[in-house]
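> return a 3D structure for these sequence lines:
(one chain, ligands or ions: 2)
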Amino acid sequence: MKKILFIGDIIGKPGRTALATLLPELREKRGIDFVVANGENAAGGNGLTAVIANEIKKTGVDAITLGDHVWDQKGFDREIDTLDYVCRPANLPQGVPGRKYLILEKDGFRFAVMTLLGRNFMKVIADCPFRTVDTILNEIHHLTDATLIELHAETTSEKTALGWYLDGRASLVVGTHTHIPTADGRILPRGTAYLTDAGMTGPYASCLGRDIQAVIGSFYDGMPRKFEIAQEDIRLCGCLVEITDQGIARSFEQIILPMSVPASA
Ligand SMILES: [Fe+2]
Ligand SMILES: [Fe+2]
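Ligands and ions are numbered 1, 2, ... in the order given. Presented below is the predicted three-dimensional model:
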């Protein structure tokens with residue numbers, strides 16, 4: 001049996017602070033074997049850099065995934081291939097830099113990690129996630145004992161469809177991108193743990209991690225504004241799944257861990 005922790009989109013400095021503060025103890029206390037985190041918003045809310053990827057890794061993250069913000073930081077397209085613990089979305093167009101998936105290993109147990117971009121309401125060009133995942137699973141099935149497939153997508157319908165499509169073929173299918181945790185975490189009939197969205201690791205006194213007033217203002221009058229990263233009510237969010245040596249999910253637990261309880265609580 002292995003314990004896998006998946007952590008939703010890390011939002012800038014507040015998200016990285018939550019990781020550094022909470023993850024080492026969580027990992028130790030719960031006996032977690034593998035930690036995977038989405039880092040697409042880790043650099044000031046937009047993208048990732050090699051320096052920040054390394055900072056995240058040092059907190060106890062084994063693999064970092066990305067999403068539609070993958071190329072937001074200038075020069076990251078030249079850095080990504082040097083980071084053997086980082087993968088970009090698997091269904092980006094052929095020929096772009098970065099790894100499509102990672103295979104982690106502990107005590108002879110091999111654990112594959114990949115992210116698929118959804119296509120509904122997403123601005124990034126991506127190949128069909130259904131066909132892409134079929135191709136990759138065929139390619140790697142003899143190299144892995146368990147698989148985590150992250151769905152980086154906007155709509156619950158596209159994520160749910162992919163979740164059912166992958167039931168019995170992955171150990172954990174977990175969504176990201178909306179920054180809002182959903183309450184539907186469970187184990188599907190054929191043994192795949194599923195959660196539509198893990199939520200973000202960052203400030204929840206915000207609109208998806210950004211300053212509340214700026215976002216309200218932009219909906220109110222449509223004028224351009226700077227969306228600063230918010231700072232309050234920081235939480236680490238994700239899920240913890242136990243999987244057998246055959247890659248079947250045995251337990252699912254949603255993780256919503258506040259960095260500190262407000263004085264008024
Ligand atoms: Fe995100
Ligand atoms: Fe995203």
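> pLDDT of the helix or strand harbouring residue 158, averaged?
Using DSSP states H and E, residue 158 maps to helix 156-166. Helix 156-166 shows a mean pLDDT of 98.
> got a list of contacts for the helix or strand that it is followed by?
Later in the chain than helix 156-166, the nearest helix or strand by DSSP H and E is strand 172-176. The contact list for strand 172-176 (C-beta atoms under 8 Å, 6 or more residues apart in numbering) reads 4, 6, 8-9, 38, 40, 65, 67, 115, 147-153, 159, 162-163, 166-167, 182, 192-198, 238-239, 241, 243, 249. For glycine as for every other residue, the C-beta is placed from the backbone atoms N, C-alpha and C.
> from the middle of its chain, how far away would strand 172-176 be?
Counting by C-alpha atoms, centre = their mean, to the nearest Å, strand 172-176 is centred 7 Å from the centre of its parent chain.
> for this protein, longest helix please?
helix 12-29 (DSSP state H).
> regarding stretch 212-228, how distant is the last residue from the first?
The first and final residues of stretch 212-228 sit 9 Å from each other (C-alpha to C-alpha, to the nearest Å).
> got the buried residues for that stretch?
Using 16 or more other C-beta atoms under 10 Å as the test for burial, stretch 212-228 gives 215, 227.
> ligand 2 contacts on the stretch 51-200 of the chain?
Neighbours of ligand 2 within the stretch 51-200 of the chain, by C-beta under 5 Å from the ion: 67-68, 177.
> can I get the residues you listed in TSV including pLDDT and neighbour count?
Below are those laid out as TSV (pLDDT from 0 to 100; neighbours: other C-beta atoms under 10 Å):
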residue	pLDDT	neighbour count
67	98	25
68	98	20
177	98	28
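> tell me the one of those residues nearest residue 59?
Nearest to residue 59 out of those is residue 67 (C-beta to C-beta; 19.7 Å).
> buried set for stretch 231-243?
For stretch 231-243, by 16+ other C-beta under 10 Å, it's 234-243.
> for ligand 1, what are the nearby residues on this structure?
The chain has residues 9, 40-41 near ligand 1, with proximity defined as C-beta under 5 Å from the ion.
> does anything pack onto the helix holding residue 158? Which helices or strands?
helix 129-140, strand 146-152, strand 172-176 (3 or more C-beta pairs under 8 Å, 6 or more residues apart in numbering; DSSP states H and E).
> can you give me the helices in this structure?
Here the chain has its helices, by DSSP H, at 12-29, 50-58, 76-79, 129-140, 156-166, 212-221.
> reformat these as JSON lines; add distance to residue 87.
Below are the helices of the chain laid out as JSON lines (distance: least, C-beta to C-beta, whole Å):
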{"stretch": "helix 12-29", "distance to residue 87": "18"}
{"stretch": "helix 50-58", "distance to residue 87": "11"}
{"stretch": "helix 76-79", "distance to residue 87": "13"}
{"stretch": "helix 129-140", "distance to residue 87": "11"}
{"stretch": "helix 156-166", "distance to residue 87": "17"}
{"stretch": "helix 212-221", "distance to residue 87": "30"}
